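Undergrad: Here is a sequence with its predicted model. Questions after.
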Amino acid sequence: MRHVAIVGSGPAGYYTAETLQKADDIAVDVIDRLPVPYGLIRTGVAPDHQSIKAVSRRYEGTALTDNVRFVGHVSVGSDVMIDELIYLYDAVVLATGAPNDRPLDIPGADLPGVIGSAAFVGWYNGHPDFADLYPPLEAPGVAVIGNGNVALDVARILAKTPQEFAGSDIVAHAREALSHSAVRHIHILGRRGPHQIAMTPKELGELGHLDRASPRVDPADLPSEGDDALLEPGMRKSVTHLRQFAANPVAKPVTIDFDFFAMPVAIEGDGKVQRVIVERTTLDADLRSHGTGETYAVDAGLVISCIGYQTPPIPGVPYEHGRGRFASDEGRILPGLYAVGWARRGPSGTIGTNKPDGARIGEMVLEDIGRGAGKAGRAGLDALLASRDIAPVTFRDWRRIEEAEVAAALDGHPREKFTSVEAMLAAIGR
Ligand code: NAP
């Protein structure tokens, strides 16, 4: 029998498990620190993007196969150490994603009211770590820093009316707080220009169809239209949306301004954030941004930095500090230790990008471990956890948690998520 432990039950973890479970004589344990599976699908993908979240049904298919087991509510690094897993399993695959925000390294970034997207997205998605965030929504201005899809998610969630959350699984505390929001002016700050955005067309196009909010682009920021021909097709579509926003400004109560060539250089306020100081930029021949010395202020009672994520390091595991991910040779970190998904590549690509990644790492593991080395595997983990009085949450338990969440859903919503570990455990009688 071959034994593989996957740390992390998000897309990269389950796509790897999907490949591994097709092999003979294999037992795969998918370990997660939360009592609930699916990682970024549950707590990262926007609650109003249910069609993307539906991919969890595919992971459920993998989770329900005989040779795959969910080991929930077990923290690697405290309940069980990485060295212990390497001792017990033929291979350990780190699918821990990139849950930490890249730091916004400017003066004032530590003022109350400056929040990273991991926290804000986790808050509206019911991640237990961020249930008590209470983002300040009392001021009309918000600055969203970054020109990627996360910035779009954040701006859209801030701009929507309560009715526009019908069919979503946004959690009650966020629904309630946003329904009383005073936010009227959202600035999306990009340090480069429209041709350098990292926004995909579908997500950008959604901003043009909001009930009470309209996107605004300064036509002067757009390059000449002929230059769009040089872009790859997806980018060209995205830029076409920006051109439409610039050409057809629609008057609505909430504005979403795209500030291009706009580099935040400081955050100011008396005890809490009140404004972002932005320096105008130009691009050099390598398309890097440089400050021009000209600045302006954006009034904001809330600043959300959406500038990318990092994988937290694990003591003893080689790590690339500059790129915020584990150091690996195409996925091999050390003998018996692998990385997959964002923990391997860094935070890029869509959920689907993890499918070939998981398949490749799964095949690599199978090739490396051969018939296995007679390790203790899941029986060894069970004994170790029992000796520490730790009872993992099983996939069957999770399905009971899920049933309770579905039963608690308000009309028109698919579920009402539990937002604390205690409430999740209470649903299974612990
Ligand atoms: P991202 O796509 O890497 O975008 C990060 C943005 O932050 C870039 O515009 C970058 O600008 C900017 N930035 C970085 N450092 C900065 C700084 N110090 N000051 C100002 N701006 C800075 O990251 P993301 O938006 O977090 O998304 C992560 C991944 O998840 C992406 O692959 C994304 O497509 C994916 N995602 C997909 C969806 C979806 O498909 N619906 C939704 C959410 C996320 P530069 O280009 O100048 O570096």
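TA: Yep, that arrived.

Undergrad: Let me see the confidence value for residue 73.
TA: Listed pLDDT for residue 73 reads 98.

Undergrad: tell me the contacts of it?
TA: For residue 73, the contact set (C-beta atoms under 8 Å, 6 or more residues apart in numbering) comprises 32-35, 392-393, 421, 425. The C-beta positions use only the backbone N, C-alpha and C, and glycine is treated the same way.

Undergrad: Where neighbours are concerned, which of those residues has the most?
TA: In terms of neighbours by other C-beta atoms under 10 Å, those top out with residue 32 at 27 neighbours.

Undergrad: Hmm, residue 70 and that one touching each other?
TA: Yes: between residue 32 and residue 70 a contact is recorded at 7.2 Å, counting by C-beta atoms under 8 Å.

Undergrad: Quick check: neighbours shared by these two?
TA: Joint contacts of residue 32 and residue 70 (C-beta under 8 Å, 6+ apart) are residue 9.

Undergrad: Pull out the buried residues from stretch 137-147.
TA: 137, 139-147 (16 or more other C-beta atoms under 10 Å).

Undergrad: helix or strand for the most far-flung residue of the chain relative to its centre, which one?
TA: Residue farthest from the centre of the chain, counting by C-alpha atoms, centre = their mean, is residue 374 at 36.9 Å. Per DSSP states H and E, residue 374 falls between elements, in no helix or strand.

Undergrad: Hmm, residue 27 is touching residue 4, no?
TA: Yes: counting by C-beta under 8 Å, residue 4 is a contact partner of residue 27 at 7.4 Å.

Undergrad: what about those two, which has more around it?
TA: Set residue 27 next to residue 4 and count neighbours by other C-beta under 10 Å: residue 4 wins out with 29 against 21.

Undergrad: quick one: contacts for that one?
TA: 20, 26-29, 89-93, 365, 369.

Undergrad: cool, and residue 314?
TA: Counting by C-beta under 8 Å, 6+ apart, residue 314 makes contact with 76-77, 82, 94.

Undergrad: Tell me how far it lies from residue 119.
TA: Per C-beta to C-beta, to the nearest Å, residue 314 is found 21 Å from residue 119.

Undergrad: go on, residue 273?
TA: 14 Å.

Undergrad: Where is the longest strand in the chain?
TA: For the chain, the longest strand by residue count, based on DSSP state E, is strand 289-299.

Undergrad: Write out the residues of the stretch 1-150 of the chain neighbouring the ligand.
TA: 145-150 (C-beta under 6 Å from any ligand atom).

Undergrad: before we move on, back to that, lowest-confidence member of the contacts of residue 314, which is it?
TA: Within those, pLDDT is lowest for residue 77, at 94.

Undergrad: So residue 188 is in contact with residue 258, correct?
TA: Yes: here residue 188 reaches residue 258: they are 5.3 Å apart, a contact under C-beta under 8 Å.

Undergrad: still on that earlier bit, CSV please, covering the contacts of residue 73 and showing secondary structure.
TA: Formatted as CSV, the contacts of residue 73 follow (DSSP: H, G, I helix; E, B strand; the rest coil):
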residue, secondary structure
32, coil
33, coil
34, coil
35, coil
392, coil
393, strand
421, helix
425, helix
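
Undergrad: what sits up against stretch 269-284?
TA: 108, 111-114, 136, 139, 143, 145, 187, 189, 191-193, 196, 259, 261-268, 289-303.

Undergrad: Can you say which of the residues you listed are buried?
TA: By 16+ other C-beta under 10 Å, the contacts of stretch 269-284 give 108, 111, 113-114, 136, 139, 143, 145, 187, 189, 191-193, 196, 259, 261-264, 267, 289, 298, 300-303 as buried.

Undergrad: Find the closest residue to the ligand in the chain.
TA: Per C-beta to the nearest ligand atom, residue 148 is where the chain lies closest to the ligand, at 2.2 Å.
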